[in-house]
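Student: Got a sequence here, can you build the structure:
(chains A and B)
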Amino acid sequence: MAFLLRRLGFYFGAFFVAITLNFLIPRLMPGDPATRILLSLRGKLRPDQIDAIRKTYGFDGSLWEQYLQYLWRLAHFDFGISTVNFPEPTASLLFYAAGWTLFLVGAATALSFGIGITMGIWSAWRRGGFFDTFFTPINVMLNAFTPAVVALLLWYAFTMQWAIFPLGRAHEMNLTPAFNLETVLSVAWHAVLPVASIVIVSFGAWHLGMRNTMINLLNEDFVLLAKAKGLSDRRIRNRYVARNAILPQITSLALSIGYVLGGAFITEVVFNYPGLGKFTLNAIQTRDYSFIQAQLILLTMSVLIANLASDVLNVILDPRLRSLGRA
Amino acid sequence: MTDILPAITTTAPRAELTAPTQRELMAELGVRPRSRLLAKLPGWAQLFVTNKKGMLGLIILAIFVILALLAPLITPYDPYRRAGKPHVQPGVEHFLGTSRQGKDNFSQLLEGSRSSLTVGFIAGFSATLIGLAVGISAGYFGGKTDEVLTFFVNVSLVLPALPLIIVLASFIEEASPTVIGLVLALTGWGWSARTIRTQTLALKSREFVLAAELMGEKKWRIIVREILPNMSSFVVGGFVLATIYGILAEAALEFIGLGSPNSVTWGTMLYWAMRAQALQTGAWFEIWPPAIAIMLTGAALVMVNFAVDEITNPQLAATRRIGPIRRFLRRRNRSVDFV
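Tutor: Below is the predicted model:
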């Protein structure tokens, strides 16, 4: 428990660093967003109107007052009002987009984790064998390909050239989303290419991570003992080595969620997927700063929660951590 | 790799077969006798030079760097200006065709290698420097310093980097490649700081550091003379990783339209190709050159990192040569026993 409480304290600290950065960045840059919005309006506004806009966006008063006001708004999930879809609050747009990203990235992460770990176990178990010497370098290479290029490639091949998969979007245009077979199939069909483009660039890392941890573990005494006891290879591989080697992978699974979300940005843009990436890109092009800032807070929170989850999982899976926490 | 050779014991030798000579065995395994030049290099460099993956990566990288350095001399057209009609097919006049705006793709590719590699190296170098400073001070000084620094290392590892960069870049507006490189460094130093801290902790308790401390050496001198030289491979590994991250993230940022659209990098080339709907209009020559360049550079850096990994952790490569040895001996009707 002490261990988890300490980690919880750390995550609160990290969250405060993030929201403070989010608060400071626009204020340290020359020209505040309110002024930029005014510039983009190109109209001549009275000073009191300018002040009103400043107030709406939280740019009045001393820096300290602004900070307190900012925290107060955050505590109420008030991310301001979207400048693009004017009366719509940023929060509702954000949660709609986040839902799609969560689905896309969740599916992709689960797949790439599963594929990578399985391949890692195999190539570590027979290292130097065909599987290992052939796939390890290839997967490592794939890992270096930027999602932008892989997404473009897949998109070009499967939608432009061969027209197997739909051009983009999350589901058929004329479909009203409801929880029925038609929707589910349509959503799944539209997700194949985006998910594949994320999986291709990310499973190599799991493969390599698992392989390296396994190889280090294979030389441990307990493996030798297990062999001496005459346990089957399968049992040694799955119960003894893989089980221990997967612990650090779970930690990096949580850590990587931030990165995969970053990869999803590009994928969503290419496939016109209505997730955070596409909305953020729109926000960038239209200078919708409240959305840009809100997405950082949302992603930070999700990464922190994922990390916390991995800590909890680690404590459950690794008895050593439990006693360490108590000491 | 030569020290595994004595470990081979041949069983049931046949009379008509002569034992393989050392030279034969080495030739079969692709192990070249060490040259005198090679012997002068430090141990890890010798291992690197004999590592095929690492050398291939290094050669690809060197070609890109040379092209980037020579770019102003060998670009046939000004990469920033219109050089012909829009979307000219590749041919004698335009080696890789022209973009929608009529800019020469080949010239842009060369100029792009200049700026993309610069961004990558700036990001990699600055991130490694920050990571080194933070990691060594946290590991060596310990106590409160360690606690505070480790907190920030963990925060930087936990915060999602790309969204943070997007926020930063969207407020900077039209960030130049150098600014992007520095922003990437500010968000990408966490991993090298963490590995270097761990490594420092391990080295701190080693005899030679204790000896230096007992002799009353100054702390900075111990750090520079005793600790730093012993983690060159970790520093190189961290640098390579941060550079890959820099190059890929720069391409991603430029691709989604952050950064300056007027600069010429591989990322902006993709950005303009995407905006001009190059693939839909059949202008593949606008997309593939920067895409392949990014992939090749990334792959080359990964291969270098792979080699560095194998050098720092020899277990990862320990049995690499067993497969060929076994096959070689089987062909000569011998079985092998590894100790």
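
Student: pLDDT below threshold where in the chain?
Tutor: Just so you know, I chose chain A. For chain A, the stretches with pLDDT under 70 are A:1, A:30-45, A:56-60, A:82-87, A:144, A:168, A:170-179, A:255, A:257-263, A:318-327.

Student: To clarify, I was referring to chain B.
Tutor: In chain B (pLDDT under 70), the answer is B:1-44, B:313-339.

Student: quick check: longest helix of it.
Tutor: Ordering each helix of chain B by length in residues (DSSP state H) puts helix B:105-141 first.

Student: now for that one, which elements pack on it?
Tutor: Here helix B:105-141 touches helix B:52-74, helix B:143-158, helix B:177-188, helix B:190-204, helix B:232-255, helix B:266-275, helix B:284-312, going by 3 or more CB pairs under 8 Å, 6 or more residues apart in numbering or on different chains; DSSP states H and E. Any C-beta I mention is one placed from the backbone N, CA and C, and that applies to glycine too.

Student: between the ones you listed, which gets nearest to residue A:281?
Tutor: helix B:232-255 (10.1 Å; CB to CB).

Student: Give me the helices and strands touching that closest one, please.
Tutor: The helices and strands touching helix B:232-255, judged by 3+ CB pairs under 8 Å, 6+ apart, are helix A:147-155, helix A:243-271, helix B:105-141, helix B:161-172, helix B:177-188, helix B:190-204, helix B:266-275, helix B:284-312.

Student: would you turn those helices into TSV with distance to residue A:114?
Tutor: Formatted as TSV, these follow (distance: least, CB to CB, whole Å):
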stretch	distance to residue A:114
helix A:147-155	19
helix A:243-271	11
helix B:105-141	31
helix B:161-172	24
helix B:177-188	28
helix B:190-204	24
helix B:266-275	30
helix B:284-312	22
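
Student: Just give me the neighbour total for residue B:73.
Tutor: Neighbours of residue B:73 under the rule other CB atoms under 10 Å in any protein chain shown: 7.

Student: quick revisit: residue A:295 is nearest to which of the helices and strands packed on helix B:232-255?
Tutor: Closest among the helices and strands packed on helix B:232-255, using CB to CB: helix B:161-172, at 6.0 Å.

Student: Next, the angle from the closest one to helix B:232-255.
Tutor: Using axes from the mean of the first three to the mean of the last three CA atoms, to 10 degrees, the direction of helix B:161-172 lies 50 degrees away from that of helix B:232-255.

Student: what packs against helix B:161-172?
Tutor: On a contact count with 3+ CB pairs under 8 Å, 6+ apart, helix B:161-172 meets helix A:2-28, helix A:243-271, helix A:276-285, helix A:289-317, helix B:177-188, helix B:232-255.

Student: which of those is buried the deepest?
Tutor: helix B:232-255 (a mean of 25; mean count of other CB atoms under 10 Å in any protein chain shown).

Student: I'd like to check the angle between that helix and helix A:147-155, please.
Tutor: Angle between the axes of helix B:232-255 and helix A:147-155 is 60 degrees (criterion: the same axes, to 10 degrees).

Student: Pull the residues that contact the strand or helix carrying residue A:141.
Tutor: Taking DSSP states H and E as the definition, one finds residue A:141 inside helix A:130-143. For helix A:130-143, the external contacting residues (CB atoms under 8 Å, 6 or more residues apart in numbering or on different chains) are A:116, A:119, A:122-124, A:126, A:200-205, A:207-208, A:211, B:53, B:299, B:302-303, B:306, B:323.

Student: picking up where we left off before, quick one, which of the helices and strands packed on helix B:232-255 is nearest to residue B:48?
Tutor: With distances scored as CB to CB, the stretch of these nearest to residue B:48 is helix B:284-312 (5.6 Å).
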